[in-house]
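K.L.:
turn this into a model:
(chains A, B, C and D)
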There are 2 protein chains.
Amino acid sequence: MGPSRRERAEETEQALKAAARQVFAERGYLNTKITDITAAAGRAAGSFYNHFASKEELLRALLADLETAGDEQAGQPGHNPDFADPDAVRFHIAGFWRFARENAVVMRAMGQAALVNEEFAREIAQFGAEQRLDIADHLDGLVAEGATLPGTVDTSLAMMFCLVQAISAAVEEGAVRISDDEAVESLTRFVYRGLTGRDY
Amino acid sequence: MGPSRRERAEETEQALKAAARQVFAERGYLNTKITDITAAAGRAAGSFYNHFASKEELLRALLADLETAGDEQAGQPGHNPDFADPDAVRFHIAGFWRFARENAVVMRAMGQAALVNEEFAREIAQFGAEQRLDIADHLDGLVAEGATLPGTVDTSLAMMFCLVQAISAAVEEGAVRISDDEAVESLTRFVYRGLTGRDY
DNA sequence: TGTACATCAGTGAACGCGCGTTCACTGATGTAC
DNA sequence: TGTACATCAGTGAACGCGCGTTCACTGATGTAC
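P.N.:
Model (predicted):
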């Protein structure tokens, strides 16, 4: 007796997701046809629709996987919310950097999907806004100590996030060549200095 | 007697370009059909191919317009290449900012085209590399004065460019709300501090 | 345990929509004489 | 200046390609008795 139906279906679904990651990485989300995914997964074209209503739905599934994986590792030992300490800045940048590099394929796919799909665009915008809100209070220590931020709190946060995100994207597409450690170190120095006006 | 053939053709070509800018701004390059452009220009679908071989060629034409416009205003009065002076940093950021805001539609279209077209991707990458090379020497003054850059020269430049570009894109798509002056001022402070390690 | 039927994951050829692209046609401008 | 023909910008219906999506079919697993 072979695998149960449920097992068989689960296998195919995982195969499709893995194949999608692969072809998205190779040629990008927008350039990927559904038959590219099924071919890479070694299944028939029609099989796709047993598991996902569309390429968008598949991307949502990949995103959901990524979120649960993110939640699991979000225990965050060593979290220090006071950006007056350079180590706290480095800790946050390193975390974001790791996340961005590990999930580069899905992040890039999301970005591409957002160009064509209003819904995805809104989700990304909201995700960014939430991220910024989550650590808005991390700058309080700086202000309390009398440091002058480079702009409003929101602008300062936006600059920090945009910078790290843009650099990780640039590294990912090969426009900038730099090791992970070097990136985190350079970014930490740039951001710490930029936010605080202090040398480091 | 009506307008000459040449005049008539020129008019239509300009109308198509203007219409393209408009619809690209409204719904993005990738979401724009050729008939969207011709409809917005008030011409028949077939007319498009008298002027451009494809949507890509039209985008190239827009890019060429933008480059000649850029060259004209590149007299650059008041150019100061020594980034030890915050005003020099502000001058460059303000220039880039103006350019990015004025040509946001075409820049965004280029970015979208690059996702689908290898050729555009290469051109953009090369353009960025050239930009960085053009002002690589602007950091020499800093190094000579004994300032510590946040990373290598190339990494430092990449961070500066990525930051300004990412913020202008974020403003353009409404993810960040900030006036032009405020943006330039905040960016100048962030970048000057980040590069030099000095307060400002 | 065995038999008969129901259900389901997977298949791949075929269908059909959307849109880029073509092309015969129109009405004008340009040219030759 | 006038006439006859060539050329060309523009038109829009029609064509056809690419690709998403469907669906009748297969061979297996699940269920009822």
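
K.L.:
going by C-alpha atoms from here, please, whenever you check contacts or count neighbours.
P.N.:
Will do.

K.L.:
ok, the helix or strand where A:Arg98 lies near chain B or not?
P.N.:
Element membership for A:Arg98 (DSSP states H and E) is helix A:86-102. No: with CA under 8 Å from any CA of the partner chain as the criterion, chain B is not reached by helix A:86-102; the gap is at least 13.1 Å.

K.L.:
and that helix, what does it pack against?
P.N.:
helix A:153-172, helix A:180-196 (3 or more CA pairs under 8 Å, 6 or more residues apart in numbering or on different chains; DSSP states H and E).

K.L.:
next, see if the last one gets close to chain B.
P.N.:
Yes: shown here: helix A:180-196 in contact with chain B (CA under 8 Å from any CA) through A:Glu182, A:Glu185, A:Ser186, A:Leu187, A:Arg189, A:Phe190, A:Val191, A:Tyr192, A:Arg193, A:Gly194, A:Leu195.

K.L.:
so which of the helices and strands packed on helix A:86-102 is the most packed in?
P.N.:
Highest mean neighbour count among the helices and strands packed on helix A:86-102 (mean count of other CA atoms under 10 Å in any protein chain shown): helix A:180-196, with a mean of 24.

K.L.:
for the closest residue in space to A:Glu56 that isn't next to it in sequence, give its distance to DNA strand D.
P.N.:
Distances taken as CA to CA, 6 or more residues apart in numbering or on different chains place A:Ala113 nearest to A:Glu56, at 7.8 Å, with adjacent residues excluded. A:Ala113 sits 13 Å away from DNA strand D, going by CA to the nearest atom of the strand, to the nearest Å.

K.L.:
any idea how far A:Ala113 is from A:Glu119?
P.N.:
9 Å (CA to CA, to the nearest Å).

K.L.:
who has more neighbours out of the two?
P.N.:
A:Ala113 (19 against 11; other CA atoms under 10 Å in any protein chain shown).

K.L.:
grab the nearest non-local neighbour of A:Ala15.
P.N.:
Nearest non-adjacent residue to A:Ala15 (CA to CA, 6+ apart): A:Ala41, at 5.5 Å.

K.L.:
pLDDT score for the one you found?
P.N.:
pLDDT recorded at A:Ala41 is 98.

K.L.:
what does chain A put close to chain B?
P.N.:
A:28, A:30-31, A:112, A:115-116, A:125, A:129, A:150-151, A:155-156, A:158-159, A:162-163, A:166-167, A:175-176, A:178, A:182, A:185-187, A:189-195, A:197-200.

K.L.:
any weak-confidence spans in chain A?
P.N.:
Chain A contains residues with pLDDT under 70 at A:1, A:73-76.

K.L.:
give me the most central residue, it.
P.N.:
A:Ala100 (4.3 Å; CA atoms, centre = their mean).

K.L.:
which bits of chain A sit near DNA strand D?
P.N.:
A:1-6, A:32-35, A:45-47, A:49, A:53-55 (CA under 7 Å from any atom of the strand).

K.L.:
what do you get if the cut-off is 10 Å, keeping everything else the same?
P.N.:
Taking CA under 10 Å from any atom of the strand, the part of chain A that reaches DNA strand D is made up of A:1-8, A:30-38, A:44-50, A:52-57.

K.L.:
just checking, what packs against the longest helix seen in chain A?
P.N.:
Counting residues, the longest helix in chain A under DSSP state H turns out to be helix A:5-27. Applying 3+ CA pairs under 8 Å, 6+ apart, we find helix A:5-27 packed against helix A:34-41, helix A:104-116.

K.L.:
mind running it again at 10 Å?
P.N.:
helix A:34-41, helix A:55-72, helix A:104-116 (3 or more CA pairs under 10 Å, 6 or more residues apart in numbering or on different chains; DSSP states H and E).

K.L.:
and the angle for that helix with helix B:104-116?
P.N.:
Relative orientation of helix A:5-27 versus helix B:104-116 (axes from the mean of the first three to the mean of the last three CA atoms, to 10 degrees): 120 degrees.

K.L.:
send the alpha carbons of helix A:5-27 over as PDB?
P.N.:
Only the C-alpha atoms of helix A:5-27 are listed here, as PDB (Å, rounded to 0.1, in the frame of the first residue of the first chain):
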ATOM      1  CA  ARG A   5      -4.200  10.500  -0.100                       C
ATOM      2  CA  ARG A   6      -3.500  13.200   2.400                       C
ATOM      3  CA  GLU A   7       0.200  12.400   2.400                       C
ATOM      4  CA  ARG A   8       0.300  12.400  -1.400                       C
ATOM      5  CA  ALA A   9      -1.400  15.700  -1.600                       C
ATOM      6  CA  GLU A  10       0.800  17.200   1.000                       C
ATOM      7  CA  GLU A  11       3.900  16.000  -0.800                       C
ATOM      8  CA  THR A  12       2.700  17.600  -4.000                       C
ATOM      9  CA  GLU A  13       1.900  20.800  -2.300                       C
ATOM     10  CA  GLN A  14       5.400  21.000  -0.700                       C
ATOM     11  CA  ALA A  15       6.900  20.100  -4.100                       C
ATOM     12  CA  LEU A  16       5.100  23.000  -5.700                       C
ATOM     13  CA  LYS A  17       6.100  25.400  -3.100                       C
ATOM     14  CA  ALA A  18       9.800  24.300  -3.200                       C
ATOM     15  CA  ALA A  19       9.700  24.500  -7.000                       C
ATOM     16  CA  ALA A  20       8.100  28.000  -6.800                       C
ATOM     17  CA  ARG A  21      10.900  29.200  -4.600                       C
ATOM     18  CA  GLN A  22      13.400  27.900  -7.000                       C
ATOM     19  CA  VAL A  23      12.000  29.300 -10.200                       C
ATOM     20  CA  PHE A  24      11.200  32.600  -8.500                       C
ATOM     21  CA  ALA A  25      14.800  32.900  -7.500                       C
ATOM     22  CA  GLU A  26      16.000  32.000 -11.000                       C
ATOM     23  CA  ARG A  27      13.800  34.200 -13.100                       C
END
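
K.L.:
wait, isn't A:Leu62 in contact with A:Glu13?
P.N.:
No: taking CA atoms under 10 Å as the definition, A:Leu62 is not a contact partner of A:Glu13, at 11.2 Å.

K.L.:
thanks again, I'm all set now.
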